[in-house]
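1. could you work out the structure for the sequence below:
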Amino acid sequence: MPGASFQAQGANQGVLTWQVPATLPLGRYIMAVTVADNNCPLNGFEVRTVTFLVSNRALATHGGRPQVLAAHPLPFHDRVQFKLPTATVQPVTITDYLGRLVTTLKSRPDGSVEWLPSADVAAGTYFARPANGGYVCRLLRQ
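-> You can find the predicted model right below:
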């Protein structure tokens, strides 16, 4: 797929990235990804399908990229806090690393946000974005 690249991150990890070409028509794109394990007594592989949706909806950005907000503590276990630059009550969406909605929160009047994820929320990377989309907060749960 044009614009896709893979970078090995050690012996057993890698990162797949896709830079959407500017001339690509809007729509859904499907990429087959094959994962091979040739370091065990039995060689194996698995094929996964990754779907991308290219739309004309862009996040509000400053300088071409969303501004990153600091959260504390990081990594967190039971609770994490961060503060939006705008002191107002607004919805904040929490998504997982794949962009799936986990929950929606509301900021306090001073712009602060606190997330107390339930026990069934797995450890991993999450992202918090306010309704205006101009900011993102990276959250890492242990």
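
2. wouldn't P21 be in contact with P2 here?
-> Yes. Applying CB atoms under 8 Å, one finds P21 in contact with P2, separated by 5.5 Å. C-beta here means a position set from N, CA and C on the backbone, and glycine is covered the same way.

3. what lines up beside the lowest-mean-pLDDT helix or strand in the chain in the sheet?
-> Least confident helix or strand, the chain: strand 14-18 with a mean of 77, by mean pLDDT, DSSP states H and E. Strand 14-18 has its sheet partners listed here by DSSP bridges as strand 4-8 (antiparallel).

4. quick one, phi psi at the residue nearest the centre of the chain?
-> By CA atoms, centre = their mean, the mean C-alpha position of the chain lies nearest to Y97, the distance being 3.6 Å. With angles defined as degrees, to the nearest 10, Y97 sits at phi -60, psi -20.

5. for Q19, give me its contacts.
-> Counting by CB atoms under 8 Å, 6 or more residues apart in numbering, Q19 touches 3, 5.

6. what segments of the protein are strands?
-> Assigned by DSSP state E, the strands in the chain fall at 4-8, 14-18, 27-37, 44-54, 67-69, 71-72, 80-83, 91-96, 101-106, 112-115, 124-130, 135-141.

7. how close does the most far-flung residue of the chain relative to its centre sit to G124?
-> Using CA atoms, centre = their mean, the residue of the chain lying farthest from its centre is P41. It sits 34.3 Å away. P41 is 29 Å from G124, where distance means CB to CB, to the nearest Å.

8. any low-confidence regions in this protein?
-> For the chain, residues meeting the criterion pLDDT under 70 lie at 11-12, 40, 56-66.

9. can you rerun that using 50?
-> Low-confidence segments of the chain, defined by pLDDT under 50: 59-62.

10. quick check: K83 touching A71?
-> No. Counting by CB under 8 Å, K83 does not reach A71; the two are 9.1 Å apart.

11. of those two, which one has the most company?
-> Set K83 next to A71 and count neighbours by other CB atoms under 10 Å: A71 wins out with 20 against 17.

12. list the residues that contact the residue nearest to that one when sequence neighbours are not counted.
-> Excluding the flanking residues, the one nearest A71 by CB to CB, 6 or more residues apart in numbering is F82, at 4.0 Å. By CB under 8 Å, 6+ apart, the contact list for F82 reads 69-72, 112-113, 128, 137.
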